[in-house]
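# Quick check, what structure comes out for this input:
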Amino acid sequence: MKISATDEYSLRILLQIARAHPEEGLNLSQISELENISQAYAAKITRSLRMAGFIQSMRGHKGGYILAMSPKDIRINQVLKSLGGAIYSDKFCGKHSGNLSLCTNSVDCSLRSLWTIVQLSMDNLLDKISIYDLLKSETQVNQNLAKISEHILYVQHQ
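Okay, the predicted model is just below:
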(Lines give C-alpha, C1' and ligand atoms only; values in the text may rest on other atoms or scores of the structure.)
Protein backbone atom coordinates (compact mmCIF):
# COMPACT_ATOMS: atom_id res chain seq x y z
CA MET A 1 0.00 0.00 0.00
CA LYS A 2 1.32 3.36 -0.97
CA ILE A 3 0.13 6.86 -0.46
CA SER A 4 0.77 8.67 -3.73
CA ALA A 5 2.49 12.04 -4.00
CA THR A 6 -0.84 13.45 -5.19
CA ASP A 7 -2.56 12.14 -2.03
CA GLU A 8 0.15 13.69 0.15
CA TYR A 9 0.18 17.06 -1.60
CA SER A 10 -3.62 17.19 -1.70
CA LEU A 11 -3.75 16.89 2.07
CA ARG A 12 -0.88 19.37 2.44
CA ILE A 13 -2.64 21.89 0.19
CA LEU A 14 -5.86 21.53 2.18
CA LEU A 15 -3.86 22.20 5.35
CA GLN A 16 -2.21 25.27 3.80
CA ILE A 17 -5.56 26.65 2.68
CA ALA A 18 -7.07 25.92 6.11
CA ARG A 19 -4.24 27.93 7.73
CA ALA A 20 -4.74 30.88 5.38
CA HIS A 21 -7.02 33.82 6.08
CA PRO A 22 -10.54 32.48 5.38
CA GLU A 23 -11.57 35.47 3.26
CA GLU A 24 -8.36 35.70 1.25
CA GLY A 25 -7.34 32.09 0.75
CA LEU A 26 -4.27 31.17 -1.25
CA ASN A 27 -3.53 31.54 -4.95
CA LEU A 28 -1.63 29.01 -7.06
CA SER A 29 1.62 30.91 -6.77
CA GLN A 30 1.41 30.89 -2.98
CA ILE A 31 0.48 27.21 -2.85
CA SER A 32 3.31 26.35 -5.21
CA GLU A 33 5.82 28.27 -3.11
CA LEU A 34 4.58 26.95 0.25
CA GLU A 35 4.78 23.33 -0.87
CA ASN A 36 7.73 23.71 -3.25
CA ILE A 37 5.84 22.21 -6.21
CA SER A 38 5.26 23.53 -9.72
CA GLN A 39 2.27 25.75 -10.37
CA ALA A 40 1.07 23.23 -12.96
CA TYR A 41 1.07 20.45 -10.35
CA ALA A 42 -0.62 22.73 -7.81
CA ALA A 43 -3.26 23.58 -10.44
CA LYS A 44 -3.90 19.89 -11.15
CA ILE A 45 -4.36 19.12 -7.47
CA THR A 46 -6.51 22.16 -6.70
CA ARG A 47 -8.72 21.28 -9.67
CA SER A 48 -9.28 17.78 -8.22
CA LEU A 49 -9.97 19.20 -4.77
CA ARG A 50 -12.39 21.76 -6.23
CA MET A 51 -14.21 19.14 -8.31
CA ALA A 52 -14.54 16.97 -5.18
CA GLY A 53 -16.09 19.90 -3.30
CA PHE A 54 -13.35 20.49 -0.72
CA ILE A 55 -12.25 23.92 -1.93
CA GLN A 56 -13.75 26.85 -3.83
CA SER A 57 -12.01 29.22 -6.18
CA MET A 58 -12.38 32.97 -5.80
CA ARG A 59 -12.07 35.24 -8.80
CA GLY A 60 -10.53 38.68 -8.98
CA HIS A 61 -7.14 40.24 -8.42
CA LYS A 62 -6.94 38.58 -5.02
CA GLY A 63 -8.34 35.35 -6.40
CA GLY A 64 -7.35 32.08 -4.90
CA TYR A 65 -8.72 29.08 -3.07
CA ILE A 66 -10.62 28.79 0.18
CA LEU A 67 -12.10 25.77 1.93
CA ALA A 68 -15.62 24.95 0.83
CA MET A 69 -16.53 23.77 4.34
CA SER A 70 -15.19 23.83 7.86
CA PRO A 71 -11.86 21.99 8.36
CA LYS A 72 -13.70 19.93 11.01
CA ASP A 73 -16.01 18.60 8.27
CA ILE A 74 -13.28 17.50 5.85
CA ARG A 75 -12.47 13.92 6.76
CA ILE A 76 -9.17 12.44 5.57
CA ASN A 77 -10.95 9.32 4.32
CA GLN A 78 -13.25 11.45 2.12
CA VAL A 79 -10.29 13.24 0.58
CA LEU A 80 -8.27 10.11 -0.15
CA LYS A 81 -11.25 8.23 -1.57
CA SER A 82 -12.22 11.16 -3.80
CA LEU A 83 -8.71 11.25 -5.26
CA GLY A 84 -7.87 7.62 -5.80
CA GLY A 85 -10.57 5.48 -4.31
CA ALA A 86 -10.31 2.88 -1.61
CA ILE A 87 -7.35 0.57 -1.25
CA TYR A 88 -9.73 -2.36 -1.65
CA SER A 89 -13.33 -2.72 -2.73
CA ASP A 90 -15.53 -5.67 -3.65
CA LYS A 91 -15.27 -4.56 -7.28
CA PHE A 92 -11.59 -5.60 -7.29
CA CYS A 93 -12.51 -9.26 -7.77
CA GLY A 94 -14.60 -8.38 -10.83
CA LYS A 95 -11.62 -6.76 -12.51
CA HIS A 96 -9.69 -10.00 -12.84
CA SER A 97 -6.86 -9.87 -15.35
CA GLY A 98 -6.18 -13.59 -15.56
CA ASN A 99 -6.80 -15.95 -18.47
CA LEU A 100 -10.36 -16.70 -17.37
CA SER A 101 -13.17 -14.18 -17.16
CA LEU A 102 -13.63 -15.15 -13.50
CA CYS A 103 -11.00 -15.15 -10.77
CA THR A 104 -9.88 -18.66 -9.85
CA ASN A 105 -10.33 -17.78 -6.19
CA SER A 106 -13.72 -16.12 -6.44
CA VAL A 107 -15.42 -18.83 -4.34
CA ASP A 108 -12.89 -19.26 -1.51
CA CYS A 109 -10.43 -16.41 -1.09
CA SER A 110 -8.59 -15.79 2.16
CA LEU A 111 -6.92 -12.68 0.69
CA ARG A 112 -10.30 -11.07 0.09
CA SER A 113 -10.94 -11.39 3.84
CA LEU A 114 -7.56 -9.81 4.62
CA TRP A 115 -8.06 -6.83 2.27
CA THR A 116 -11.60 -6.31 3.51
CA ILE A 117 -10.52 -6.03 7.16
CA VAL A 118 -7.57 -3.79 6.24
CA GLN A 119 -9.92 -1.45 4.35
CA LEU A 120 -12.47 -1.45 7.18
CA SER A 121 -9.76 -0.66 9.73
CA MET A 122 -8.39 2.19 7.63
CA ASP A 123 -11.88 3.56 7.00
CA ASN A 124 -12.62 3.41 10.72
CA LEU A 125 -9.48 5.38 11.57
CA LEU A 126 -9.48 7.88 8.68
CA ASP A 127 -13.18 8.68 9.13
CA LYS A 128 -12.34 9.97 12.62
CA ILE A 129 -9.58 12.36 11.50
CA SER A 130 -10.31 15.74 9.93
CA ILE A 131 -8.16 18.45 8.40
CA TYR A 132 -8.79 20.40 11.61
CA ASP A 133 -7.12 17.61 13.63
CA LEU A 134 -3.96 17.98 11.54
CA LEU A 135 -3.61 21.76 11.92
CA LYS A 136 -1.70 21.39 15.17
CA SER A 137 2.01 20.71 15.77
CA GLU A 138 3.41 17.28 15.00
CA THR A 139 3.69 16.49 18.72
CA GLN A 140 0.04 17.43 19.33
CA VAL A 141 -1.10 15.47 16.27
CA ASN A 142 0.86 12.39 17.44
CA GLN A 143 -0.81 12.59 20.85
CA ASN A 144 -4.30 13.02 19.37
CA LEU A 145 -3.83 10.20 16.86
CA ALA A 146 -2.57 7.90 19.62
CA LYS A 147 -5.76 8.62 21.59
CA ILE A 148 -7.94 7.96 18.53
CA SER A 149 -6.20 4.67 17.73
CA GLU A 150 -6.36 3.56 21.38
CA HIS A 151 -10.08 4.29 21.39
CA ILE A 152 -10.58 2.29 18.18
CA LEU A 153 -8.65 -0.68 19.59
CA TYR A 154 -10.61 -0.48 22.85
CA VAL A 155 -13.96 -0.43 21.01
CA GLN A 156 -12.91 -3.34 18.77
CA HIS A 157 -12.01 -5.49 21.78
CA GLN A 158 -15.33 -4.89 23.56
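# which residues touch the strand or helix carrying Ser10?
Counting by DSSP states H and E, the element that carries Ser10 is helix 5-19. Residues from elsewhere that reach helix 5-19, judged by C-beta atoms under 8 Å, 6 or more residues apart in numbering: 25-26, 31, 34-35, 37, 41-42, 44-46, 48-49, 54-55, 65-67, 71, 74, 76, 79-80, 83-84, 131-132, 134-135. Where C-beta positions appear, they are placed from N, C-alpha and C, glycine not excepted.
# chain center to the helix or strand just after it: distance?
Remark: after helix 5-19, the chain's next helix or strand is helix 28-35, criterion DSSP H and E. Distance, stretch centre to chain centre, for helix 28-35: 20 Å (C-alpha atoms, centre = their mean, to the nearest Å).
# Please name every helix or strand in contact with helix 28-35.
Other elements packing on helix 28-35 under the criterion 3 or more C-beta pairs under 8 Å, 6 or more residues apart in numbering; DSSP states H and E are helix 5-19, helix 39-51, strand 64-67.
# Which of the residues in it are classified as buried?
Neighbour-count burial for helix 28-35 flags Leu28, Gln30, Ile31, Ser32, Leu34, Glu35 (criterion: 16 or more other C-beta atoms under 10 Å).
# do stretch 37-44 as well
Ile37, Tyr41, Ala42.
# Contacts only, for the second one.
The one in question is Tyr41. Tyr9, Ser32.
# Likewise for Met122?
Per C-beta under 8 Å, 6+ apart, neighbours of Met122: Asn77, Ile87.
# Within the helices and strands, which one has it?
Taking DSSP H and E as the definition, one finds Met122 inside helix 110-126.
# just how off-centre is that helix within its chain?
With C-alpha atoms, centre = their mean, you get 16 Å for helix 110-126.
# what comes up buried for the helix or strand that comes right after that helix?
Counting by DSSP H and E, the next helix or strand C-terminal to helix 110-126 is helix 138-156. Residues of helix 138-156 classed as buried by neighbour count (16+ other C-beta under 10 Å): none.
# Provide the contact partners of helix 138-156 at residue level.
With C-beta under 8 Å, 6+ apart as the test, helix 138-156 has contacts from Asn124, Leu125, Lys128, Ile129, Asp133, Leu134, Lys136.
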